[in-house]
Every structure is written in structure tokens, then in C-alpha cells.
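In: the amino acid sequence is not available; the structure is as follows:
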């Protein structure tokens with residue numbers, strides 16, 4: 001009876017599954033977040049990197065007021081919407097980066113959870 005109340009007694013506490021949680025779903029959500037982190041990293045390094053480097057190398061520094069004081073026509077026209085988008089997306093992968101270690105944790109917990117589910121089904125049959 002004590003073994004039924006605590007089915008995961010032999011599992012270390014950091015990776016001990018909680019009863020009533022579907023760890024397939026948890027792992028899938030962490031996988032989606034990790035995929036977003038990798039997607040944004042690839043987007044920044046492969047696609048947007050030339051735009052970011054080009055805007056930093058050419059002309060004045062991005063935060064200087066020299067181009068703003070020169071008038072709307074010259075400084076503002078140089079800044080294309082794609083360059084602004086690239087600057088805004090810079091570092092976006094850092095928001096989703098914590099999903100990677102959480103994915104590893106959830107896969108370890110899922111392993112023990114699936115073992116318990118399989119043993120319960122084996123007992124029922």
C-alpha cells in the first residue's frame with residue numbers, strides 16, 4: 001500500500017515525476033520553446049547578421065544624434081525597415097534559451113514517468 005501512494009519512491013527528487021501530469025505534453029512544450037530559440041539564433045546569425053553588421057559599419061554610430069540633426073531626409077532615409085527589424089530581433093534567442101535545459105530535465109522526468117505508466121499497464125493486463 002505504501003508503494004502505491006508513492007510510485008516514484010526510488011527516483012531522485014529533482015527528476016521525480018508528479019502524479020497526474022502528462023510529461024509527454026510538458027516535453028513537447030519545452031521542445032517547442034527550444035526550437036524557437038534555435039530558430040531565432042539561426043535567423044540572427046545567418047539571415048540578419050549582414051544587415052546588423054552593415055548598419056554598424058556604415059556612417060555614424062547607430063545611437064548618435066548627428067544623423068537626426070541633419071534632417072529627416074538624409075539620416076532617416078538610410079535606415080531601411082529591414083535594418084530596423086534586424087536590430088529589433090538581435091538577441092531574441094536569449095528569451096527562449098532557458099527552454100533548452102528545461103527540455104533536458106523534462107526528458108529525464110518523462111523517462112521515469114513512462115516507466116511507471118508501462119509498469120501500471122503491465123499490472124492491469
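Out: It's in. Note that the coordinates shown come from a computational prediction; the quantities given were computed from them, not determined experimentally.
In: for the protein, which residue is closest to the average position?
Out: In the chain, the residue lying closest to the centroid (C-alpha atoms, centre = their mean) is residue 96, at 2.5 Å.
In: leaving out the residues flanking it, which one is nearest to that one?
Out: residue 37 (3.6 Å; C-beta to C-beta, 6 or more residues apart in numbering). For glycine as for every other residue, the C-beta is placed from the backbone atoms N, C-alpha and C.
In: go on, residue 92?
Out: residue 40 (4.5 Å).
In: check which helix or strand that neighbour maps to.
Out: Using DSSP states H and E, residue 40 sits within helix 23-42.
In: what packs against that helix?
Out: With contacts taken as 3 or more C-beta pairs under 8 Å, 6 or more residues apart in numbering; DSSP states H and E, helix 23-42 sits against helix 93-96, helix 99-124.
In: take those helices and write them to a markdown table, including mean pLDDT and distance to residue 25.
Out: Shown next, in a markdown table, are the helices and strands packed on helix 23-42 (pLDDT from 0 to 100; distance: least, C-beta to C-beta, whole Å):
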| stretch | mean pLDDT | distance to residue 25 |
| --- | --- | --- |
| helix 93-96 | 96 | 18 |
| helix 99-124 | 93 | 10 |
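In: of all those helices, which one comes closest to residue 17?
Out: helix 99-124 (4.0 Å; C-beta to C-beta).
In: for the protein, which spans come out with low pLDDT?
Out: Within the chain, the segments meeting pLDDT under 70 span 1-6, 55-56, 58-78.
In: rerun at 80
Out: Applying pLDDT under 80 to the chain flags the ranges 1-7, 54-79, 125.
In: in three-state terms, label residue 9 for me.
Out: Residue 9 carries the three-state label coil when classified by DSSP: H, G, I helix; E, B strand; the rest coil.
In: ok, it to residue 25 distance?
Out: According to C-beta to C-beta, to the nearest Å, residue 9 and residue 25 sit 24 Å apart.
In: residue 116 and residue 8 touch, don't they?
Out: Yes - contact criterion C-beta atoms under 8 Å: residue 116 and residue 8 qualify, at 6.5 Å.
In: looking at the two now, which is surrounded by more residues?
Out: Neighbours per residue (other C-beta atoms under 10 Å) separate residue 116 from residue 8, with residue 8 holding more: 17 against 14.
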